[in-house]
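> Got a predicted structure plus its sequence, pasted below:
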Amino acid sequence: MVFGKVVKNKAYFKRYQVKYKRRRDGKTDYRQRLKLTRQDKNKYSSPKYRLVVRFTNKDIVCQIMYATITGDKCICAAYAHELPKYGLKVGLTNYAAAYCTGLLVARRALKKLGLDEIYEGCTEPDGEDFHVEEVEGEKRPFRCLLDVGLRATNRGGRVWGALKGACDGGLDIPHNEKRYPGYDPDEKALDPEDHARYIFGQNVAEYMALLEEDDPEMLKKHFAGYCKEGLGSDDLEDLYAEVHEKIREDPSHTKKEKKVPANPKKWKAVKLTYEQRKAALKERLAAVAAMAEE
Amino acid sequence: DTLSDCAPRRSASQAMPRGLGRRARTRDVFSRPFRQKGFINLTTYLREYRIGDYVDIKVNGAIHKGMPHKCYQGKTGVVWNVTRRAIGVEVTKIHREKQLRKRIHVRVEHVQPSRCRDNFLARRASNDKAKQEAKASGTKISTKRPVAGQPRVGFELVPSSEVETLTAVPYDIAATVK
């Protein structure tokens, strides 16, 4: 048996200072958050909007948020699980889907703010770096900052897909083309065609085509969803183009009716009322008094 | 501004004088409270300050920029300027027999919104409301606060013959439950 000093003794716990909740959960980088939310004091309460892009295992979340003392407020959100409504039923977490989600949140936000007619963005995505230009005499473009959360900002990531979708959608997001897939760090230039490949899911399509030729069994296994929808490797480009069109046509969000159950289940143990507790105490006292008499 | 900030701190006769740098003797004042070290909550940065607001100066030792001098710690002043990251605060500093109006710039981390006006503003609002009601009903009211020195209602002195002495009774749970 090894005799060692107990590190986590009472004194340790007494002096231990916990990190913030969200830091303990590993969800928020506060230094980054500060930089994104901090507004100049001489701009008083003007909100600083940020495009929050998060990826889960099966979904993509794009939200436009701003911070207040009472909590962050979301003015507009789009999820990859909404894309089936626009005709995209599979591949909801790839680069092309991220592009669609970014595009959706941008068009939705602009429509909400009344800017969608003024700022169309890039209606025919060709992978080129696109920055929204201010239209003279009209309202200025909607500016927000990209919030990647705890994602590593490597080249070719899906975060940039969402960013590209939002920019092409007409949002003014300061960015650089350095991180798009298709950027050559040696040449220091972006190859728009290469980037466009990813926007239209050609990276997926090429793999599909390979499997179609060489290994149809593997194709059924990996692309089960695509096979079910009847999508082949040739169909993806047109599919994504259609989705982009449909998004631009009607980016509005349909609210789902919430079903309120007649008798909501109660999971918490219901606390006794004061009267109930007093009555229970009376009984106990009576019992004790009865026992004492015996 | 360092030397004029405070009264002269050392006499010429001292052989090994104490230091008198800007942050002299601030070991405890500027240190962060127990278990509140580390990153500052974002509320501090999200607060809005306008010219004319009252603010308390409370130095946050974790932020080294835009720190006010230690003599302003705990002082309350009026905001006279708002810049990108800092607030201009006008503080009254008492030096010997005179009061100096000092205008300093302080980063928002070292400033808290003051509640010194809360009491007055609440009283003013309730007084205005009372006056409105009185005007509507035609009655006359005085919204003046009672002068200090007069005994408050309910606290008059009572002759000892009328005093009733109470003693504590041992606690009987059965009696209380009944």
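Everything's here; your move. Because the structure is predicted, anything quoted here is derived from the model rather than measured.
> contacts and neighbour counts: CA atoms only from here.
OK.
> how about whatever residue of chain B ends up closest to chain A, what does it touch?
At 4.5 Å from chain A, B:R84 is the closest residue in chain B, using C-alpha to the nearest C-alpha. Neighbouring residues of B:R84 by C-alpha atoms under 8 Å, 6 or more residues apart in numbering or on different chains: A:40-43.
> Name the member of these with the most neighbours.
Using other C-alpha atoms under 10 Å in any protein chain shown as the neighbour criterion, A:K41 leads the contacts of B:R84 with 22 neighbours.
> How about that one: what's its closest non-neighbour residue?
Counting by C-alpha to C-alpha, 6 or more residues apart in numbering or on different chains, A:K41 lies nearest to B:R84, which is 5.0 Å off, once chain neighbours are set aside.
> Same question for the one you found, what's its three-state structure.
Under DSSP: H, G, I helix; E, B strand; the rest coil, B:R84 falls in the coil class.
> So which of the contacts of B:R84 is the closest to B:I51?
For the contacts of B:R84, the residue nearest B:I51 by C-alpha to C-alpha is A:N42; the value is 10.3 Å.
> residue ranges of the strands in the stretch 51-200 of chain A, please?
Using DSSP state E, counting those that start in this stretch, the strands of the stretch 51-200 of chain A run over A:60-66, A:73-79, A:145-147, A:183-184, A:189-190.
> closest one to chain B among these?
Closest to chain B of these is strand A:60-66 (C-alpha to the nearest C-alpha; 10.9 Å).
> elements contacting that closest one?
Counting contacts by 3 or more C-alpha pairs under 8 Å, 6 or more residues apart in numbering or on different chains; DSSP states H and E, strand A:60-66 is packed against strand A:50-55, strand A:73-79, helix A:95-113.
> from the chain's centre, how far out does the shortest one sit?
For strand A:50-55, the distance between its averaged C-alpha position and the chain's averaged C-alpha position is 5 Å (C-alpha atoms, centre = their mean, to the nearest Å).
> Just the CA atoms of that strand, as PDB, please.
Output in PDB follows, covering the C-alpha atoms of strand A:50-55 (Å, rounded to 0.1, in the frame of the first residue of the first chain):
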ATOM      1  CA  ARG A  50     -22.900  37.100 -34.600                       C
ATOM      2  CA  LEU A  51     -23.500  34.100 -36.900                       C
ATOM      3  CA  VAL A  52     -23.300  31.100 -34.600                       C
ATOM      4  CA  VAL A  53     -22.500  27.900 -36.500                       C
ATOM      5  CA  ARG A  54     -22.500  24.700 -34.600                       C
ATOM      6  CA  PHE A  55     -22.400  21.100 -35.800                       C
END
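> Name every strand pairing with it and say which way it goes.
The pairing partners recorded for strand A:50-55 under DSSP bridges are strand A:60-66 (antiparallel), strand A:145-147 (parallel).
> other SSEs contacting the helix or strand of chain B with the lowest mean pLDDT?
Within chain B, no helix or strand scores below helix B:173-177, which has a mean of 75 by mean pLDDT, DSSP states H and E. Applying 3+ C-alpha pairs under 8 Å, 6+ apart, one finds that helix B:173-177 contacts helix A:274-293.
> what is the mean pLDDT for the helix it packs on?
Averaged across helix A:274-293, pLDDT comes to 91.
> cool, and stretch A:127-141?
Averaged over stretch A:127-141, pLDDT sits at 93.
> tell me which residues of that stretch are tucked away?
The neighbour-count check on stretch A:127-141 (16 or more other C-alpha atoms under 10 Å in any protein chain shown) flags A:127-132, A:141 as buried.
> now these in CSV, with distance to chain B?
CSV is the format used below for those (distance: C-alpha to the nearest C-alpha, whole Å):
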residue, distance to chain B
A:G127, 37
A:E128, 35
A:D129, 31
A:F130, 30
A:H131, 27
A:V132, 27
A:P141, 23
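> For these, work out which two are farthest apart.
Maximum pairwise distance in the buried residues of stretch A:127-141, criterion C-alpha to C-alpha, is 20.9 Å, between A:G127 and A:P141.
> Now do the contacts for B:L100.
B:L100 neighbours (C-alpha under 8 Å, 6+ apart): B:92-94.
> Weed out the non-buried ones from those.
The buried subset of the contacts of B:L100 - by 16+ other C-alpha under 10 Å - is B:92-93.
> hang on, B:V106 in a helix?
No. Assigned with three-state DSSP, B:V106 falls outside any helix and is strand.
> Identify the bridge partners of it.
So, taking DSSP bridges as the rule, B:V106 has B:I87 as bridge partners.
> Now do the lengthiest helix in chain B: everything it contacts.
If you go by DSSP state H, chain B has its longest helix at helix B:118-137. Contacts with helix B:118-137, where a contact means C-alpha under 8 Å, 6+ apart, come from B:140-141, B:143.
> which one of the residues you listed sits closest to A:T123?
B:T143 (67.2 Å).
> How many residues are close by the closest one?
A count of nearby residues for B:T143, using other C-alpha under 10 Å, gives 13.
> That one in helix, strand or coil?
The assignment at B:T143 comes out as coil when based on three-state DSSP.
> OK, contacts around it?
By C-alpha under 8 Å, 6+ apart, B:T143 lies in contact with B:127, B:131.
> Next: A:Y240.
Going by C-alpha under 8 Å, 6+ apart, A:Y240 touches A:88, A:96, A:200-201.
> distance of it from A:Y86?
A:Y240 is 10 Å from A:Y86, where distance means C-alpha to C-alpha, to the nearest Å.
> Contact residues of the stretch 151-294 of chain A facing chain B?
Residues of the stretch 151-294 of chain A lying close to chain B (C-alpha under 8 Å from any C-alpha of the partner chain) are A:278, A:281-282, A:285.
> closest point of chain A to chain B, which residue?
For chain A, C-alpha to the nearest C-alpha, closest residue to chain B: A:D40, 4.5 Å.
> Spatially, which residue comes closest to that residue, not counting chain neighbours?
Nearest to A:D40 is B:R84, by C-alpha to C-alpha, 6+ apart, at 4.5 Å.
> Pass me the low-pLDDT residue ranges in the chain, would you?
Because you didn't say which chain, this covers chain A. Along chain A, segments meeting pLDDT under 70 span A:1-2.
> oops, I was thinking of chain B
Residues of chain B that meet the cut-off, pLDDT under 70, sit at B:1-14, B:150-152, B:155-156, B:160, B:178.
> switch to 90 and redo it
B:1-21, B:142-143, B:145-166, B:169-178 (pLDDT under 90).
> in chain A, which spans are helices?
Per DSSP H, chain A carries helices over the ranges A:10-15, A:21-24, A:30-37, A:95-113, A:158-169, A:192-199, A:202-214, A:216-222, A:224-229, A:235-249, A:274-293.
> Alright, that wraps it up for me.
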